[in-house]
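Student: sequence and predicted model, in that order:
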Amino acid sequence: MEITEILRHGIVTEKTMKLQEQNKYTFKVALEANKIDVRRAVETMFNVKVVSVNIIRMPGKTKMFRRKGAAPQVQKAREWKKAIVTLQQGYTIDALKA
């Protein structure tokens, strides 16, 4: 898997902004990616030193689709992976700063 395919995009929410104060950054990653792949991708793309990587598999949520004149249908959204990357002191990723 290519390094550019591993990291999909950064996640910027209120919770992740509080984590950035602790030098932790959050990314949406490919389902096939593991901790070693994420570490290599972040270190090469952003030129930083990674201390640790935590990966969380997020389940897809079920949603009801209703159409006029038809029975409601239940569909499940795709599952995805979230990686929380802790950087060494003194390193930052300016692309995710808001």
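Tutor: Received the coordinates, thanks. Nothing here was measured: the structure is a model prediction, and the numbers come from that model. Residues are numbered from 1 along each chain as shown.
Student: please, where are all the helices along the chain?
Tutor: 3-6, 14-20, 35-46 (DSSP state H).
Student: export the last one to CSV, keeping only CA atoms.
Tutor: Extracted C-alpha coordinates of helix 35-46, given in CSV (Å, rounded to 0.1, in the frame of the first residue of the first chain):
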residue,chain,number,x,y,z
LYS,A,35,0.0,1.1,13.3
ILE,A,36,3.3,0.6,11.5
ASP,A,37,1.9,1.9,8.2
VAL,A,38,0.4,4.9,9.9
ARG,A,39,3.6,5.7,11.7
ARG,A,40,5.7,5.6,8.5
ALA,A,41,3.1,7.7,6.6
VAL,A,42,2.9,10.5,9.2
GLU,A,43,6.7,10.6,9.7
THR,A,44,7.4,10.9,5.9
MET,A,45,4.6,13.2,4.9
PHE,A,46,4.9,15.7,7.8
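Student: number the chain from 16, please
Tutor: I'll keep to 16 as the first residue from here, and by that count the last item is helix 50-61.
Student: who's in contact with it?
Tutor: Residues outside helix 50-61 that contact it (CB atoms under 8 Å, 6 or more residues apart in numbering) are 16, 18-19, 21-22, 40, 42, 44, 48, 63-65, 68, 70, 98, 100, 108, 110. Every C-beta, even on glycine, is put in place using the N, C-alpha and C of the backbone.
Student: out of these, which sit inside strands?
Tutor: When DSSP state E is applied, the contacts of helix 50-61 are split such that 22, 40, 42, 44, 65, 68, 70, 98, 100 fall in strands.
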